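> model this:
(2 chains)
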Amino acid sequence: EPEVTQTPSHQVTQMGQEVILRCVPISNHLYFYWYRQILGQKVEFLVSFYNNEISEKSEIFDDQFSVERPDGSNFTLKIRSTKLEDSAMYFCASKADYTEAFFGQGTRLTVV
Amino acid sequence: DQQVKQNSPSLSVQEGRISILNCDYTNSMFDYFLWYKKYPAEGPTFLISISSIKDKNEDGRFTVFLNKSAKHLSLHIVPSQPGDSAVYFCAASGSNQFYFGTGTSLTVIP
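Got it, this is the predicted structure:
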């Protein structure tokens, strides 16, 4: 069964460092998303991506964040200068037209 | 601005009984509603969905009900099993965007 895969499963980084979280969406999907969940809190939308551009982003997705689909298969989330409050589980999701979104297993980001 | 709300953070149910999880939304433009199940340290897993043109969708032990006039949906699990213990998120979608509720932690007691 096709699935969304995310790497790494856990990333520890120092405050101020750049991190790149990687996702391989399901191959025929068209819409891509990043969500995050801070421990004990709700799942929060970060950004959606369609047709090689950002279609919507939340207030959380400020200038420190960027997304890219560099090679037609990977979908990456970059945080330029991490802050302690960026520590969270980051989930990538993808979907085709008129279907549910499928989520990856998440990357746990710990900023120290 | 919370567009999708799950007002019960937790629910405990005896094995074999019915679990009812509730969700309210505010945006009448939402046209597709979903329930996801989430275990700790894992991604949400799709459970069941319903289009706004329907008021009920059933899949095995899981049934989702949609009341558009009340902007309310519910997930019924019958009979509940210990393996159903997880956090359940409802989500609403419009224009290929998903908005999640805060989740309800379901515990099914053997």
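
> write down the beta-bridge partners of the spatially most central residue of chain A, one by one.
Centrality entry for chain A: nearest residue to the mean C-alpha point is A:W34, 3.4 Å, by Cα atoms, centre = their mean. On the basis of DSSP bridges, A:W34 is bridged to A:V47, A:C92.

> quick one: residues contacting it.
Counting by Cβ atoms under 8 Å, 6 or more residues apart in numbering or on different chains, A:W34 touches A:21, A:23, A:46-47, A:67, A:77, A:90-93. (Each C-beta comes from the backbone N, C-alpha and C, glycine too.)

> among the residues you listed, which ones are buried?
Buried by 16 or more other Cβ atoms under 10 Å in any protein chain shown: A:21, A:23, A:46-47, A:67, A:77, A:90-93, out of the contacts of A:W34.

> any chance of those residues in a markdown table with pLDDT and distance to A:L84 as columns?
As requested, these are exported to a markdown table (pLDDT from 0 to 100; distance: Cβ to Cβ, whole Å):
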| residue | pLDDT | distance to A:L84 |
| --- | --- | --- |
| A:L21 | 97 | 17 |
| A:C23 | 97 | 23 |
| A:L46 | 94 | 18 |
| A:V47 | 94 | 21 |
| A:V67 | 97 | 22 |
| A:L77 | 97 | 18 |
| A:Y90 | 96 | 15 |
| A:F91 | 95 | 20 |
| A:C92 | 96 | 22 |
| A:A93 | 95 | 25 |
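
> turn those into CSV, including distance to B:R61.
Below are the buried ones among the contacts of A:W34 laid out as CSV (distance: Cβ to Cβ, whole Å):
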residue, distance to B:R61
A:L21, 35
A:C23, 31
A:L46, 33
A:V47, 35
A:V67, 37
A:L77, 36
A:Y90, 31
A:F91, 26
A:C92, 29
A:A93, 25
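
> sec struct for the residue in chain B positioned nearest to chain A, please.
Per Cβ to the nearest Cβ, B:G43 is where chain B lies closest to chain A, at 3.7 Å. Of the three states, B:G43 takes coil under DSSP: H, G, I helix; E, B strand; the rest coil.

> can you tell me the closest non-neighbouring residue to residue 77?
All of this refers to chain A. In space, and not counting its chain neighbours, A:L77 is closest to A:L21: 4.5 Å by Cβ to Cβ, 6 or more residues apart in numbering or on different chains.

> that was the other one, I meant chain B.
Leaving out its chain neighbours, the residue that sits closest to B:I77 by Cβ to Cβ, 6+ apart is B:S19, at 4.1 Å.

> and for the one you found, the neighbour number?
Using other Cβ atoms under 10 Å in any protein chain shown, B:S19 has 24 other residues around it.

> good, wrapping up.
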